[in-house]
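Undergrad: Please work out how this folds:
(one chain, ligands or ions: 1)
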Amino acid sequence: MRILVIGGTGFIGRFVIPLLHDSGHTVTVFHRGASVASLPPGVRSLRGDRHHLLAHQHELRALAPDVVIEMIASSGAQTRTMMDTFRGAAQSTGVSTELLPCAEGRD
Ligand SMILES: NC(=O)c1ccc[n+]([C@@H]2O[C@H](COP(=O)([O-])OP(=O)(O)OC[C@H]3O[C@@H](n4cnc5c(N)ncnc54)[C@H](OP(=O)(O)O)[C@@H]3O)[C@@H](O)[C@H]2O)c1
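TA: Reported below is the predicted structural model:
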């Protein structure tokens, strides 16, 4: 599957990303680039701030992810923005998109 991980170069990501990659998935990580990332070869890195997710909507949706793993959302508003960013992407690509907010997202 094509998996997009929002955040994922940090403490938890350094375990999750290699597991996903070694399982044969095509993995892209979206992050600011502030953290030092040693991503496995073949894992793509997209730079951007999660607080401006909609500004990156075009390039993120162009990835046509089957699964989006949100690692850093900390509020309901952030989770809703994430849902808005990818809503309908499945229909436009013909691929089913599953959204897995990591945070429960309580305002
Ligand atoms: N570590 C724990 O024990 C633990 C326990 C419970 C819950 N959590 C939660 O789980 C999540 C991940 O934890 P973690 O320890 O892996 O965090 P972390 O080490 O701080 O890593 C955060 C990741 O998110 C990216 N990131 C942070 N702010 C961003 C922004 N505004 N836009 C885009 N990317 C951003 C970072 O990359 P850049 O800096 O390059 O942007 C990095 O990839 C967090 O929400 C944390 O609160 C962690």
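
Undergrad: what's the neighbour count on Val5?
TA: By the measure other C-beta atoms under 10 Å, the count of residues near Val5 is 26. Any C-beta I mention is one placed from the backbone N, CA and C, and that applies to glycine too.

Undergrad: Let's verify it: helix, strand, or coil?
TA: Following DSSP: H, G, I helix; E, B strand; the rest coil, Val5 is assigned to strand.

Undergrad: Least confident secondary structure element in this structure?
TA: Across the helices and strands of the chain, the lowest-confidence element by mean pLDDT, DSSP states H and E is helix 89-93, at a mean of 42.

Undergrad: what about stretch 64-76, distance to the chain center?
TA: 5 Å (C-alpha atoms, centre = their mean, to the nearest Å).

Undergrad: In this protein, which residue sits closest to the ligand?
TA: Closest residue of the chain to the ligand, C-beta to the nearest ligand atom: Gly10 (1.9 Å).

Undergrad: my read is that residue is in a helix, agree?
TA: No - assigned with three-state DSSP, Gly10 falls outside any helix and is coil.

Undergrad: list the contacts for it?
TA: By C-beta atoms under 8 Å, 6 or more residues apart in numbering, the contact list for Gly10 reads 35, 71.

Undergrad: got the phi/psi numbers for Met82?
TA: Dihedral angles of Met82 (phi, psi; degrees, to the nearest 10) stand at phi -60, psi -40.

Undergrad: What pLDDT does the model give it?
TA: At Met82, the pLDDT value in this model is 85.

Undergrad: again, but for Ser35
TA: For Ser35, pLDDT reads 77.

Undergrad: For the residue nearest to it when sequence neighbours are not counted, grab the count of nearby residues.
TA: Leaving aside its chain neighbours, Ser35 sits nearest to Thr9 (4.8 Å; criterion: C-beta to C-beta, 6 or more residues apart in numbering). A count of nearby residues for Thr9, using other C-beta under 10 Å, gives 23.
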